[in-house]
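K.L.:
coords please:
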Amino acid sequence: MLRHRGTSLAVINKVCSMRTAETVKGVLIPGLALILYLILSLIFFGTRGDYEHAYLGEGGDPFAYIWFLNWWPWAIAHGINPFVSHYVWYPEGFNMTWAGSFPFAALIMWPVTWLKGAVFSYNILSLIAPALSGWTAFLLARYLTRDILAALVGGYLFGFSSYELGQMLGHLNLGLIFVVPLLVLFVLQRLKGDLSRTRFVASLAIALLIQLGLSTEILATACVLGALTWLIFLLYASPEGRLRLWALAREIVLAAGIMAVVATPFLYFVLKGLGNLPTQINSPEAFSADLLNYIVPTPLILIGGSLFADIARRFTGNMAEQGAYLGLPLILVLVLHFRNSRVQPYFKPLLVSLVAILVLSLGPSLHVAGVATTIWLPWRLALHLPLIHQALPTRLSMYVALGAGLSAALWSSDASSGRERAGRFTLAMLACLCLVPNPDGGRWATLPLEPFFEPENVVRSLGQDANVLILPYGYTGPSMIWQWQSGMRFSQSGGYLGPTPPSTATWPAVKSLYTGVVGPDFANDISGFCVAHKVSAILIAPGTPETLVDALHALNWDTANDHGIQIVRVPNQNSLCFHYIAGDYWPLDKWMGKQVNVVVKGQSMRLRISGRDRSPQVGPVEVRVANGSNVARYQIGSQDTQVVRLPPDCSVTVTASATWEPEPDTRAISVHVSLEPDVGGVEGTSNL
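P.N.:
Numbers count the residues shown, from 1 in each chain. I've put the predicted structure just below:
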């Protein structure tokens, strides 16, 4: 009996030891993999910068992400609606759900931001992004291969892909792609029965929610490409496999529904902001992957980047969006993997899916070495789909990189002998070597702080809660950094968090502020803009175009200099003469849409309403002109013109009864409207 008990205890101890070892292995190895990727990220990117006074990236895009990291916790702490900020583009404000505002990252980093500042948080996230993305790809590859070394290679090829290196130049939300491999991992675990229905739905819902809080664009493209891949696998599946895929689809829809319910406030503002978007935020033609980019590196890559720099300069978009590069060794691995996997049941659907995504990344038409061909590609169909048409095709190369990394892991692990394994890993490591970043890429830049924007200086000079214009304007300058530096002590009728709101972009003054090109009506335009947007001062910082500085000085408004910043005070509106047309209006060709507001100050003007260029087929339109209780109505056809005399100091609303869309124009337009000086008699003039 004692011997039997001793044997039982020995068996139990052995089983417990095995389970403990498996548990330790299951935690230790992934932890070591993450540490390895973090060390590589620090070696590649993190040894040159001052984490609190410099930033990782280039251009003005990082300023927006630093501002976002500050905005979400700051707004919540101050009881302000964080989804719409009126601290930029005042008074219209800016919808944060239609920017890369990544609330999840901002809230997770809140303690770090509070202790060390938003710039420090930005740099830490930038360094973590490739490591974390590589780590989740490692988890996925390890699940597929059960081979640690192969999984490390696959994780590296995704986490430190050319796509990731490009997005690290300033698109932090698009560089935090660690959720994408997890989505694939959860789906595969569910298909293989390693994840229960409840855990799968819960895990997927949480992952989708996190991705929504990081990048709505990546969430949208992941859903679309996931559905496309599911459909391709469905077409090749056996009857039993199709049943499993349909069951999987129902569970995915359930998880997405749970995510949508939890994220209702965010999604509400997404839908609310649809009407304020440009028809196309960025050109899909300009931001399509160049076919040659898959084999030709940009200067961000150490090996070959400088050699092929002249070719890379011809690629569409900019360097941040030229991230399709795989390299010849990795392409060779893909070819060998698919050649050796022809007998596998997943071969055809996997190959078709990868090729389909690659083709979609090429955009609406094929580009080769920067030359746009006349060959139409499938993404042209996506241009007619809601929401997804705003995605940039070149960013789909991220999914190609994931597929390529997994293929390299699968191929490396599937060797029949030690010698073959050594050869395969040699080629796989060569593929990794071809993606090593160029250390001279100039990724670190000094934060452009100005003494004037220290909180105490701003309050002393501008007072509390002032609204200002900052020059250089919008995306041409670091106004977002200066606003953050001030501790959000002022709002601005400008900024750069994404596209300029359409309601503001049509103002003639905005074009002058962006370009520095000043026309003869600049005094009128800037006066009207400042009054309409309640601007109290214009701040002229170093870097402002001299033509713009001279034009502002010519206004003879009160100007002072404080800590190197010129402060131009906007006079009381009663002392200004100006006129403007705002609202649904395009000043370049003087078309109005449904309604505009006409403001005249200090002078009488004539409002000309014309039906010229109206198609006779759409017939006349009734135009209602209202100045308070005084209302006039006019029938305007294609041959009609009506001139209305406007008294000084009036605000008039002009409303058209209907609009139309002349092809190929997508604008809803009605009639031409313009203002002209009230000099002499004009036939057909009426008083309002």
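
K.L.:
To what extent is Ala404 buried, counted in neighbours?
P.N.:
26 (other CB atoms under 10 Å). (Glycine included, C-beta is placed from N, CA and C.)

K.L.:
Ok, Leu291 next?
P.N.:
By other CB under 10 Å, the residues close to Leu291 number 19.

K.L.:
State the distance from it to Ile301.
P.N.:
17 Å (CB to CB, to the nearest Å).

K.L.:
Could you find the closest non-adjacent residue to Val84?
P.N.:
With sequence-adjacent residues excluded and distances taken as CB to CB, 6 or more residues apart in numbering, Val84 is closest to Gly93, at 5.0 Å.

K.L.:
ok, now Ile29?
P.N.:
Ile148 (6.1 Å).

K.L.:
give the contact list for the one you found.
P.N.:
By CB atoms under 8 Å, 6 or more residues apart in numbering, the residues touching Ile148 are Ile29, Ala33, Arg142.

K.L.:
So how do I select the buried members of the residues you listed in PyMOL?
P.N.:
Here is the PyMOL selection string for the buried members of the contacts of Ile148, based on 16 or more other CB atoms under 10 Å:
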select buried, resi 33+142
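
K.L.:
Quick one: the contacts of Ile148 as TSV, columns for pLDDT, secondary structure and distance to Glu240 too.
P.N.:
Formatted as TSV, the contacts of Ile148 follow (pLDDT from 0 to 100; DSSP: H, G, I helix; E, B strand; the rest coil; distance: CB to CB, whole Å):
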residue	pLDDT	secondary structure	distance to Glu240
Ile29	93	helix	34
Ala33	96	helix	35
Arg142	97	helix	27
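
K.L.:
out of the contacts of Ile148, who's nearest Ala560?
P.N.:
Ala33 (58.0 Å; CB to CB).

K.L.:
Tell me how far the nearest residue to the closest one once chain neighbours are set aside lies from Val88.
P.N.:
Nearest residue to Ala33, sequence neighbours excluded (CB to CB, 6+ apart): Phe138, at 4.9 Å. Distance of Phe138 to Val88, given as CB to CB: 39 Å.

K.L.:
Compare these two and say which is more crowded by neighbours.
P.N.:
More crowded of Phe138 and Val88, by other CB under 10 Å: Phe138, with 29 against 26.

K.L.:
Low-confidence regions, the stretch 551-688 of the chain specifically.
P.N.:
Filtered on pLDDT under 70, the stretch 551-688 of the chain yields the residue ranges 680-685, 688.

K.L.:
quick one: the strands in it?
P.N.:
Here the stretch 551-688 of the chain has its strands, by DSSP state E, counting those that start in this stretch, at 559-562, 565-569, 578-586, 591-601, 605-610, 621-627, 630-636, 641-646, 650-656, 672-677, 685-687.

K.L.:
okay, now the domains of this structure?
P.N.:
28-57+117-433, 451-575, 578-687 (automatic domain parsing).

K.L.:
Counting neighbours, what do you get for Asp465?
P.N.:
12.

K.L.:
First-to-last residue distance for stretch 364-379?
P.N.:
5 Å (CA to CA, to the nearest Å).

K.L.:
residues of it that come out buried?
P.N.:
Of the residues in stretch 364-379, those buried (16+ other CB under 10 Å) are Pro364, Ser365, Leu366, His367, Ala372, Leu377, Trp379.

K.L.:
Once you drop chain neighbours, what's closest to Ile258?
P.N.:
Of all residues not flanking Ile258 in the chain, Ala205 sits nearest, at 4.2 Å (CB to CB, 6+ apart).

K.L.:
State the helix or strand in which that neighbour lies.
P.N.:
helix 197-212 (DSSP states H and E).

K.L.:
Show me what secondary structure element comes after that helix.
P.N.:
helix 216-236.

K.L.:
Alpha carbons of the helix or strand just after that next one, in CSV - could you do that?
P.N.:
Following helix 216-236 in sequence order, the next helix or strand is helix 239-262 (DSSP H and E). Output of helix 239-262 as CSV, limited to C-alpha atoms (Å, rounded to 0.1, in the frame of the first residue of the first chain):
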residue,chain,number,x,y,z
PRO,A,239,-19.0,21.2,-47.2
GLU,A,240,-17.9,20.6,-43.6
GLY,A,241,-15.5,23.5,-43.8
ARG,A,242,-18.2,25.9,-45.1
LEU,A,243,-20.4,25.1,-42.1
ARG,A,244,-17.5,26.0,-39.8
LEU,A,245,-16.9,29.2,-41.7
TRP,A,246,-20.5,30.2,-41.6
ALA,A,247,-20.6,29.6,-37.8
LEU,A,248,-17.4,31.6,-37.5
ALA,A,249,-19.0,34.5,-39.4
ARG,A,250,-22.0,34.6,-37.1
GLU,A,251,-19.7,34.7,-34.1
ILE,A,252,-17.6,37.5,-35.6
VAL,A,253,-20.7,39.5,-36.3
LEU,A,254,-21.8,39.0,-32.7
ALA,A,255,-18.4,40.2,-31.5
ALA,A,256,-18.6,43.2,-33.8
GLY,A,257,-22.1,44.0,-32.5
ILE,A,258,-20.9,43.9,-28.9
MET,A,259,-18.0,46.2,-29.8
ALA,A,260,-20.4,48.6,-31.5
VAL,A,261,-22.6,48.7,-28.4
VAL,A,262,-19.7,49.5,-26.1
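
K.L.:
Give me the pLDDT value at the residue most central in space within the chain.
P.N.:
Nearest to the geometric centre of the chain sits Gly100, at 4.5 Å (CA atoms, centre = their mean). Note for Gly100: predicted pLDDT of 91.

K.L.:
quick revisit: nearest to Leu607 among the buried residues of stretch 364-379?
P.N.:
Pro364 (41.3 Å).

K.L.:
in the chain, what spans have low per-residue confidence?
P.N.:
Ranges of the chain meeting pLDDT under 70: 1-26, 441-442, 680-685, 688.

K.L.:
Quick check: Gly304 touching Pro297?
P.N.:
Yes - contact criterion CB atoms under 8 Å: Gly304 and Pro297 qualify, at 4.7 Å.

K.L.:
list residues touching both of the two?
P.N.:
Residues touching both Gly304 and Pro297 (CB under 8 Å, 6+ apart): Cys434.

K.L.:
Neighbour count: these two, which is higher?
P.N.:
Using other CB under 10 Å, the more surrounded residue of Gly304 and Pro297 is Pro297, with 26 against 19.

K.L.:
Distance-wise, check the more buried one relative to Leu307.
P.N.:
8 Å.

K.L.:
Next, the distance between the ends of stretch 603-622.
P.N.:
Using CA to CA, one end of stretch 603-622 lies 27 Å from the other.

K.L.:
show me the contacts for the nearest residue to Tyr325 once chain neighbours are set aside.
P.N.:
Excluding the flanking residues, the one nearest Tyr325 by CB to CB, 6+ apart is Ser162, at 3.8 Å. Counting by CB under 8 Å, 6+ apart, Ser162 touches Pro297, Thr298, Leu300, Ile301, Gln322, Gly323, Ala324, Tyr325, Leu326, Ser397, Ala401, Leu435.

K.L.:
I am finished for the moment; much appreciated.
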